[in-house]
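*Asks:* Would you be able to build a 3D model of this:
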Amino acid sequence: KSFEAAGLRHLPGVLLGEIQRGEETLAPVGPNDVLAASDRLLFTGVVSGIIELARIAGLVHDSDPSYDASPSGQRQRRRCEAVV
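*Replies:* Numbers count the residues shown, from 1 in each chain. Below you'll find the model as predicted:
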C-alpha cells in the first residue's frame with residue numbers, strides 16, 4: 001500500500017519523517033511512496049500521537065522483544081524527548 005492508503009498520512013500530531021529500507025533511506029516521504037514488508041518507519045510528533053501508533057495493525061514498536069532495533073550495517077539512532 002502507499003503511505004496514504006495505509007492510513008499513515010494524516011495522523012494527528014505525528015509525522016512520518018523517513019522510511020529505512022535495507023541500506024536505503026527514503027526522506028521526505030511522499031503520499032504515494034509504497035510501503036514494503038520490513039520497512040522501518042521513523043515517526044516524530046507529540047507523545048499522545050506516538051502512543052496512538054501502537055493501535056495501527058501491522059506496526060511493531062522498536063521496544064517489542066521480537067523487533068531487532070539495531071541490525072548490522074545500519075546507522076545507530078538515539079531517541080530523546082524534549083519538552084519546550
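
*Asks:* what does the model give the closest residue to residue 27 other than its chain neighbours for pLDDT?
*Replies:* Nearest-residue entry for residue 27: residue 18, 3.7 Å, with adjacent residues in sequence omitted and distances by C-beta to C-beta, 6 or more residues apart in numbering. All C-beta atoms are positioned from the backbone trio N, CA, C, and that covers glycine. According to the model's per-residue confidence, residue 18 sits at a pLDDT of 88.

*Asks:* Which residue lies nearest the spatial centre of this protein?
*Replies:* Closest to where the C-alpha atoms of the chain average out (C-alpha atoms, centre = their mean) is residue 41, at 2.3 Å.

*Asks:* For that one, give me phi and psi.
*Replies:* Residue 41 adopts backbone torsions of phi -100, psi 130, taken as degrees, to the nearest 10.

*Asks:* gap between it and residue 10?
*Replies:* Separation of residue 41 from residue 10 (C-beta to C-beta, to the nearest Å) stands at 15 Å.

*Asks:* try residue 1
*Replies:* From residue 1 over to residue 10 (counting by C-beta to C-beta), the distance is 15 Å.

*Asks:* quick one, which of these two is more surrounded?
*Replies:* Under the criterion of other C-beta atoms under 10 Å, the comparison of residue 1 against residue 10 puts residue 1 first, with 11 against 8.
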